[in-house]
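1. only geometry, no sequence info:
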């Protein structure tokens, strides 16, 4: 799968998941539904992180030419991601 196709698929998946969150929020409140919403929100978070990774790779500053500012070697650094805080009051 090409990068553009991956990004498009991730964006469609995100929209679908957001729709499911809206549906769950429209139902009567329960502990199980609240947990399902949290899990969907976590899923959305990770899909968005994947899209960001695909669209904005970070280059290694140690490969940057100090005079021209150009990168000598295209290397990608994987940044550690932190877990989102659980939503409260749902």
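-> Yep, it's here. Keep in mind the model is a prediction, meaning the values are calculated, not measured. Residues are numbered from 1 along each chain as shown.
2. low-confidence ranges in the chain?
-> Residues of the chain meeting the criterion pLDDT under 70: 57-65, 71-90.
3. strands along that one, start to end?
-> Remark: strands assigned in the chain by DSSP state E are 58-59, 76-77.
4. now do the helices in the protein.
-> Using DSSP state H, the helices found in the chain span residues 3-26, 31-55.
5. ok, residues contacting the shortest one?
-> Residues lying outside helix 3-26 but in contact with it, judged by Cβ atoms under 8 Å, 6 or more residues apart in numbering, are 1, 33, 36-37, 40-41, 43-44, 47-48, 50-51, 54-55, 90. Any C-beta I mention is one placed from the backbone N, CA and C, and that applies to glycine too.
6. count of neighbours near residue 10?
-> 18 (other Cβ atoms under 10 Å).
7. residue 21 too?
-> With other Cβ under 10 Å as criterion, residue 21 counts 16.
8. distance check, it against residue 35.
-> According to Cβ to Cβ, to the nearest Å, residue 21 stands 12 Å off from residue 35.
9. can you check residue 49 too?
-> 21 Å.
10. what is the burial count for residue 19?
-> For residue 19, using other Cβ under 10 Å, the count is 11.
11. what is the burial count for residue 1?
-> 7.
12. burial of residue 6, as a residue count?
-> Neighbours of residue 6 (other Cβ under 10 Å): 14.
13. next one: it from residue 28, what distance?
-> In terms of Cβ to Cβ, residue 6 sits 37 Å off from residue 28.
14. what about residue 44, how many residues nearby?
-> Neighbours of residue 44 (other Cβ under 10 Å): 19.
15. quick revisit: and the helices of the chain, which is most packed in?
-> The highest mean neighbour count among the helices of the chain, using mean count of other Cβ atoms under 10 Å, belongs to helix 31-55: a mean of 14.
16. and that one, what does it pack onto?
-> helix 3-26 (3 or more Cβ pairs under 8 Å, 6 or more residues apart in numbering; DSSP states H and E).
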